[in-house]
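Peer 1: Return a 3D structure for these sequence lines:
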Amino acid sequence: MKGYLIDTHILIWALTDNCRLNKNVKEDIEYFQYAYYASVESLREIVMLRNLKKIDVDLNMAISYLQQFQIQIVPIELEHVQVLEKLPTLTINGKIHPDPFDRMLIAQSIAEEMTIISADAKFPFYRDYGLKLLINE
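Peer 2: Numbers count the residues shown, from 1 in each chain. Here you go, the predicted model:
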């Protein structure tokens, strides 16, 4: 599976038409320029963030968006968990990066040889472990 895996915040920004989403990324998604994917882990994170009242996006909204733009949902497979097991927990700028959502997305991206689109400043530190990254700037 090759293509682009969308990080959770990229998906949320697309859903809310947030100006932080790179215009080119937004247009590429909406004009079906490449194969885009979203992890079921991102949907789980959206549910958690909504339950914590940190975002005003719900699961149905996310699913509708994914269907509208033909973004396939990537399930969590055994191979992803095996890559996750080998992925080190990095210390970045003096802080451990234990975020389970980020780490699963990184593992999925590595296992599936996808390029992940993210604005997360921690993701570039995983390039040494096989992560292909397109930074949303």
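Peer 1: Please count neighbours and contacts with C-alpha atoms only from this point.
Peer 2: Noted.
Peer 1: And the contacts of stretch 127-137?
Peer 2: 20-22, 25, 87, 106, 109-110, 113-120, 123-124 (Cα atoms under 8 Å, 6 or more residues apart in numbering).
Peer 1: Is it possible to mark the buried ones in those?
Peer 2: Neighbour-count burial (16 or more other Cα atoms under 10 Å) is assigned, among the contacts of stretch 127-137, to 21-22, 25, 87, 106, 109-110, 113-119, 123.
Peer 1: Now do stretch 107-121: distance from first to last residue.
Peer 2: End-to-end distance of stretch 107-121 (Cα to Cα, to the nearest Å): 17 Å.
Peer 1: what sits up against it?
Peer 2: Against stretch 107-121 from outside (Cα under 8 Å, 6+ apart): 1-7, 9-10, 76, 79-81, 83-84, 87, 106, 130-137.
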